[in-house]
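*Asks:* Have a look; sequence and predicted model below, questions after that.
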Amino acid sequence: MFKLRISILAVMTIMLALAWGCKKRIAPIPADLQRQITAGESVFYRKDCGKCHQVNAFGDAHQGPALTSVFLAMDTVFIKAHLQFTEISAMPPIALTPHEISAVTQYIASLHANMNTPANLKDPDARCPVCGAEVESARAVANSLQVSHQGKFYYFECPDCKAIFLRDPDWHSRSGYTRFN
Ligand SMILES: [Zn+2]
């Protein structure tokens, strides 16, 4: 009897371990991208970008547009060009090294996902294919933020990303979240 109990325990442990191992994990943000985002955040504060662009309650003036739109998250080329070629913009030129421009670009592109990732996210098992935000698929389903395309399910953290995906599901499902590729 005792032996039987031990082997039941052993089998259960193995099954639990297997279930844990098979659980879908999302790929982490690549380390070098994460480093750039962190460096970019400090450029943002050092250069006082928050004087005009409010981010996370930092800065009180609203002279510049919000930098949290999903369009910026999808378009690092635009952000970079905006900071490189200040003569085409209504924004006053701010001296930035190429390194600072790359870093702050990645920081700005990460803002949309960050802003929309709930603080109480416990068990993310998907990434938004548009902006890269971490998503709990069950919560996305509950909020109708799920799309099925050619036999595969995609999960979103916000209605904006879902709407953008639906404009061109072929392209988005092929490319995945491009900043990670
Ligand atoms: Zn998204």
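*Replies:* Sure, I can see it. Predicted model only: the values in this text are computed from it and were never measured.

*Asks:* which ones are touching the nearest residue to residue 127 once chain neighbours are set aside?
*Replies:* In space, and not counting its chain neighbours, residue 127 is closest to residue 26: 5.3 Å by CB to CB, 6 or more residues apart in numbering. Where you see a C-beta, it was placed from the backbone N, CA and C, and this is true even at glycine. Listed by CB atoms under 8 Å, 6 or more residues apart in numbering, the contact partners of residue 26 are 124-127, 134.

*Asks:* Recalculate using a threshold of 10 Å.
*Replies:* 124-127, 132, 134-135 (CB atoms under 10 Å, 6 or more residues apart in numbering).

*Asks:* which one of the residues you listed is nearest the ion?
*Replies:* Distance to the ion, by CB to the ion, is smallest for residue 132 among these, at 6.9 Å.

*Asks:* ok, the closest one touching residue 156?
*Replies:* No - using CB atoms under 10 Å, residue 132 makes no contact with residue 156, being 11.1 Å away.

*Asks:* if we can go back for a sec, can you check what pLDDT the model gives the residue nearest to residue 127?
*Replies:* If you check residue 26, the pLDDT there is 85.

*Asks:* Can you report how many residues lie near the residue nearest to residue 94 when sequence neighbours are not counted?
*Replies:* Once flanking residues are discounted, residue 94 sits nearest to residue 47: 5.7 Å by CB to CB, 6+ apart. Here the number of neighbours of residue 47 (other CB atoms under 10 Å) works out to 14.
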